[in-house]
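Enquirer: Kindly generate the corresponding structure for this input.
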Amino acid sequence: MASENKQSMGGGGYELRISRLTIDKLGVKLYDKASAVVAELIANAYDADAENVTVNLPLNVQLASQAGGKLKDLKFEIVVRDDGHGMTPDEARAYFLTVGADRRRRNGVDGARSREKKRPVIGRKGIGKLAPFGICKRIEVWSAGGTGGPRGYRITHFFMDFDAIVQDEEKPIPLAVGADDNKFSDRRGTTIRLTNFLAKRVPDLETFLRQLAARFVFATPDFRIAVVDTSGADPAPPVAVDPLSIPVYEETRVDLSTRPVHLENGKTVPVSGWMAMARSSYKHEEMTGVRIYARGKIVGTTRDFNQPAGFTGEFAMRSYLVGEVHAEWLDLDDGEDLVRTDRQDILWDSDYGQELRRWGSEIIREIAKISKAPRRERVRDTFLKNSKIELKAKQRFGDREIVDVAVDLAKSFGGFAAEDELGDEDYVNDLTDIILSVAPHRALMEAFREFSSEATKREVTISEMTDIFDKAQIAELASYAQVAAQRVMVINQLQDLISNPVDEHEYQALLSTANWLIEPSWTVISQNQSLKTFKIAFEVFYKQKYKKDVVLAITHETKRPDFTLMSIDGLLHIVEIKKPNYDFGNDDLERLLNYVEAFTAFFEANAEVSAEFPRGWTIDLIVDGVRITGNQPKYAWKQISDGPSRVVNRRSWWDFLNHARKVHEQFLSIHDAGRARKK
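Expert: Modelled structure (predicted):
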């Protein structure tokens, strides 16, 4: 079959008249997958009344290698063979080698219906024959057709070479004639052989079958497609292309046969097929969204019928909506062509396309409404699986009832989780931690209710009372652990700031939101009205006395504060910080002495405000080094930081960090030990 002659044995040669632009744009640019190319050849076989199509190709291979900008031919071939009515040399010249003619409008042996089986033909634009040029440079056509006779069916045999066809001159292109041309065959049918490939990859068998299955949904049972893998030494057995199957929630399935599309002129156009919510998110491209078919061949795929972003249930619809829409009116013989040239989508901006968009939005809203329960069930199950909540609850608590409560909470919370975040480990872990923090308290409340109910009916046992106390202890430890874990996180953040010094304002902001870094016994309750009163009064006092502004911070301030205030057990802490590696010098000391004088004077002059802090006040100075020169400055520094009238407590950043870490890591160790004892 592969040998060729330069002249036909009779009836004249074969010529293809086509512009370079057409072959380049409609061949190479539109089809770049092996499955898309094969699908076009299968569609031609269907239109030729074939009942069986066999595709022989190497699977899971690169068809050609590319190195240094050059292609290396690996001698693969793709062969598509059918048992249709074929074509004679005259038919090939009249029909096949005319590119861009609408076959449905031509008069003669065929047109809108196939020649023998009267199938509604798929082909229309007359460019499918060029599709193989998207992946290869040579197409061999062998076809036997006609009425037949004593010698059999007359053979058409020629080659189309991309490099020879794509020329600057728009004139008839003579094609190389095959050795079998004008001979006879005892069988009808067409064989298309593709060789000299570009650097395209053919997927594995499972993927290739899915890709073909997604492209065709033929209503007729007398059309079968088989695929043969030729990548090995011997061809594999043929595998049938079966309809694409997608598991769905049946309760969300909508039968489209009773849901016609209503047009603006009052008329309706029929639709068949179905739409539903898939049981799992899209795992393969071929299963993505709703496939739209006309005449048994895919003409478009949509996830949302071109709806604008922000509609209800958007994420679920874009990730789980599946279905088949059969709309023959998208590809009518004598109507407007509503399918894109590459047959991969419809023209949504056309009048019919806009009506289909509106119709689809109504179906989407309906499915979104009836899919809430299945969707929450799916989200819940995904969260339970990803969080491993039961295992973590067993490890943390060791109490079966608390574990059950944690799982119940996970089912409730999980059903309302952000579905698109369930693959994010941090999101899942944060939600799991919240549930594990709440579970002991929920279990304790349920135990108390049950205990109270039983206590009114009978005398409770020591064992039942002990169980209540055990749950109370676990709940208390869980609360402490949550606080401690949060504090250790802040400590680690502080360590990063110390190791990588930044502006002082960031340290001040951290301390204002985590005052317990100064003294671990500080609680939120300590941040009371007394601090606010002191802040306002002292800022006014300082402005009047020294004619300068001072900013005191209780929480984070927009202005850079001079000090941060906190009250702990009746003692006012006035915190000043310097960035890591800073040396406290003479200018700093002079400024600090002014503040010491101001705080002393303020406390003496405002007895009622000062009474809120019965233990007085102290300045916490966080600075790494001290470099003070001169006898008098050194003496002054010693008096305020180490003498009898000491009012300044200096710590380096690393001492400050070590103190906070030591206190809280001991706390966590105690919690872990208590948990181990309970287990």
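
Enquirer: who does residue 248 bridge with?
Expert: Beta-bridge partners recorded for residue 248 (DSSP bridges): residue 278.

Enquirer: how near is it to residue 367?
Expert: 10 Å (Cβ to Cβ, to the nearest Å). All C-beta spots, glycine's among them, are computed from the backbone N, C-alpha and C.

Enquirer: Now do the shared contacts for those two.
Expert: 276, 277 (Cβ atoms under 8 Å, 6 or more residues apart in numbering).

Enquirer: And the pLDDT for the nearest residue to residue 282 once chain neighbours are set aside?
Expert: The shortest distance from residue 282 to any non-neighbouring residue, by Cβ to Cβ, 6 or more residues apart in numbering, is to residue 288 (4.7 Å). On pLDDT, residue 288 comes in at 85.

Enquirer: Neighbours of residue 288, how many?
Expert: Using other Cβ atoms under 10 Å, the number of residues around residue 288 comes to 19.

Enquirer: Please report how far it lies from residue 564.
Expert: The gap separating residue 288 from residue 564 is 55 Å, by Cβ to Cβ.

Enquirer: Grab the most central residue of the protein for me.
Expert: Residue closest to the mean C-alpha point of the chain, counted by Cα atoms, centre = their mean, is residue 420 at 6.9 Å.

Enquirer: Where does residue 656 sit: helix, strand or coil?
Expert: The three-state label given to residue 656 by DSSP: H, G, I helix; E, B strand; the rest coil is helix.

Enquirer: can you pull the pLDDT of it?
Expert: The model reports residue 656 with a pLDDT of 80.

Enquirer: How about the contacts made by the closest residue to it other than its chain neighbours?
Expert: Distances taken as Cβ to Cβ, 6+ apart put residue 622 closest to residue 656, at 5.5 Å, once the chain neighbours are dropped. Counting by Cβ under 8 Å, 6+ apart, residue 622 touches 507, 575, 576, 577, 578, 650, 651, 652, 653, 656.

Enquirer: Same question for residue 627.
Expert: Contacts for residue 627 (Cβ under 8 Å, 6+ apart) come out as 583, 584, 585.

Enquirer: Quick check: it vs residue 39, distance?
Expert: For residue 627, the distance to residue 39 - Cβ to Cβ - is 80 Å.

Enquirer: pretty sure residue 567 contacts residue 573?
Expert: Yes: applying Cβ atoms under 8 Å, one finds residue 567 in contact with residue 573, separated by 7.3 Å.

Enquirer: so what's the residue nearest to the centre of the chain closest to, chain neighbours aside?
Expert: Nearest to residue 420 is residue 315, by Cβ to Cβ, 6+ apart, at 5.2 Å.

Enquirer: give me the element that neighbour is part of.
Expert: Per DSSP states H and E: residue 315 is located in helix 314-320.

Enquirer: same thing with residue 628?
Expert: Counting by DSSP H and E, residue 628 is part of no helix or strand.

Enquirer: what number of residues lie near residue 401?
Expert: Other residues near residue 401 number 18, with proximity taken as other Cβ under 10 Å.

Enquirer: where does it land on pLDDT?
Expert: 79.

Enquirer: for residue 268, phi and psi?
Expert: phi -130, psi 150 (degrees, to the nearest 10).

Enquirer: and the gap between it and residue 656?
Expert: 77 Å.

Enquirer: show me the contacts for residue 58.
Expert: Neighbour list for residue 58: 76, 202, 229, 230, 231 [criterion: Cβ under 8 Å, 6+ apart].

Enquirer: ok, residue 184 - how many residues close by?
Expert: Neighbours of residue 184 using other Cβ under 10 Å come to 15.

Enquirer: ugh, typo on my part, it should be residue 617
Expert: Neighbour number of residue 617 under other Cβ under 10 Å is 19.

Enquirer: helix/strand/coil for the residue nearest to the centre of the chain?
Expert: Reduced to three states by three-state DSSP, residue 420 is helix.

Enquirer: so where do the strands sit in the stretch 251-400 of the chain?
Expert: For the stretch 251-400 of the chain, applying DSSP state E, counting those that start in this stretch gives strands covering 254-255, 261-262, 268-269, 272-277, 290-294, 297-302, 321-326.
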